[in-house]
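> Build the 3D model from these lines:
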Amino acid sequence: MTLTPTIPSPDPLPLHDRVVLVTGGAQGIGRGIAQAVLAAGGHVAIADLDREAGEACLAEWNLGTRALFVPFDVTREAQVKRGIGRVLARFGRLDGLVNNAGLAAPHVGDLASLELAQWRRFLDSHLTGTFLCSKHALPALREARGAIVNLASTRAAQSEPHTEAYAAAKGGIVAFTHALAVSEGPAVRVNAISPGWIATDAWRKPSARRAPKLSRRDHAQHPAGRVGTPEDIGELAVYLLSARAGFVTGQNLVVDGGIGKAMHYV
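Below is the predicted model of the structure:
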């Protein structure tokens, strides 16, 4: 018997009829991922605390039952459980989870003056939220042999001053990712994406939307020649959620236009 490697035809819709929940999915990177899932043939549920943003997504997409907005707080376990229950009630299954929700502003000031409550808000919104959503999605994901994508950050590996809480939360997500991948394999694959500089101004809700203000220098410092966009993260998320990434798990993939590999001198 001769085994001949084949050349498969590319799947134009790698998430056809798959159901993906994206937390923090109504704006910014989350919306970019949600739209990429829809473009790949999937159904998407977006969880967000901003009702205006979530309802605007559904109105602008105008895709009927293919999209669902579920408002819940990822730091509240009862809300997470109910929210995932609503997703399952609508779609009957869950094939993918993208843990994207979390406080966006990384700068908190001098650590010596940082309140414990503020420290906990960062860890809860990023790391605890990732834990709670993963916990309650896992039964459905195991059944579907699905995938989880966690949004970490390049700040897990490099820092600016006064970003300790954010960096610690994102570093925790990287560690949580490989630990869960080992625990859940082979039924569920788990990976992380660490974005660099992503311009999200044009991906906000309509009332806050604007063109990004970026200089030539902003773009030129990236070896790729530009600042990133939510589409860049969405494309990778679709790959990681799809069967194309069947041999990829436990990884943290950096998407920063190469800036993290370029040497900088003052």
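> From now on I want contacts and neighbour counts done on CA atoms only, so please keep to that.
Noted.
> top helix in this structure by residue count?
helix 164-184 (DSSP state H).
> after it comes which helix or strand?
Note on helix 164-184: by DSSP states H and E, the next helix or strand toward the C-terminus is strand 189-195.
> sorry, back to before: and the longest helix of the chain, what does it pack against?
Using 3 or more C-alpha pairs under 8 Å, 6 or more residues apart in numbering; DSSP states H and E, the elements in contact with helix 164-184 are helix 116-123, strand 147-151, strand 189-195.
> relative to helix 164-184, how tilted is the longest one?
Going by axes from the mean of the first three to the mean of the last three C-alpha atoms, to 10 degrees, helix 116-123 is angled at 40 degrees with respect to helix 164-184.
> Tell me which residues of helix 116-123 come out buried.
Residues 119, 121, 122, 123 are the ones in helix 116-123 that count as buried (16 or more other C-alpha atoms under 10 Å).
> Then the shortest one?
Within strand 147-151, the residues that qualify as buried by neighbour count (16+ other C-alpha under 10 Å) are 147, 148, 149, 150, 151.
> List the contacts of it.
Surrounding strand 147-151, the residues in contact under the criterion C-alpha atoms under 8 Å, 6 or more residues apart in numbering are 95-100, 130, 134, 141, 173, 177, 188-195, 237, 240-242.
> just to revisit the earlier point, tell me which two in the buried residues of strand 147-151 are the farthest apart.
Greatest spacing in those, by C-alpha to C-alpha: 147 and 151 (13.3 Å).
> which sections of this protein are below the confidence cut-off?
1-2, 266 (pLDDT under 70).
> residue boundaries of the strands in it?
Here the chain has its strands, by DSSP state E, at 19-23, 43-47, 67-70, 96-99, 147-151, 189-195, 252-255.
> tell me the angle the second one makes with strand 19-23.
Which is strand 43-47. Going by the same axes, to 10 degrees, strand 43-47 makes 20 degrees with strand 19-23.
> Repeat that for the longest one.
Direction vectors for strand 189-195 and strand 19-23, defined by the same axes, to 10 degrees, enclose an angle of 40 degrees.
> and strand 189-195 with strand 147-151, angle?
20 degrees.
> tell me what strand 189-195 is packed against?
Judged by 3+ C-alpha pairs under 8 Å, 6+ apart, strand 189-195 is in contact with strand 147-151, helix 164-184, helix 230-241, strand 252-255.
> which of those sits most buried?
Stretch with highest mean neighbour count among the helices and strands packed on strand 189-195: strand 147-151 (a mean of 28; mean count of other C-alpha atoms under 10 Å).
> what are the pairing partners of it, and which direction each?
When sheet partners are counted by DSSP bridges, strand 147-151 sits next to strand 96-99 (parallel), strand 189-195 (parallel).
> Using a markdown table, lay out those strands together with mean neighbour count and distance to residue 257.
Output for those, formatted as a markdown table (neighbours: other C-alpha atoms under 10 Å; distance: least, C-alpha to C-alpha, whole Å):
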| stretch | mean neighbour count | distance to residue 257 |
| --- | --- | --- |
| strand 96-99 | 29 | 22 |
| strand 189-195 | 26 | 9 |
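> do you know which of those lies nearest residue 265?
Of all the strands paired with strand 147-151, strand 189-195 sits nearest to residue 265, with 22.4 Å by C-alpha to C-alpha.
> which residues are contacting that closest one?
With C-alpha under 8 Å, 6+ apart, strand 189-195 has contacts from 146-154, 173-174, 177-178, 180-181, 233, 237, 240, 246, 248-256.
> wait, which of the helices and strands packed on helix 164-184 is closest to residue 24?
Using C-alpha to C-alpha, the nearest of the helices and strands packed on helix 164-184 to residue 24 is strand 147-151, at 10.6 Å.
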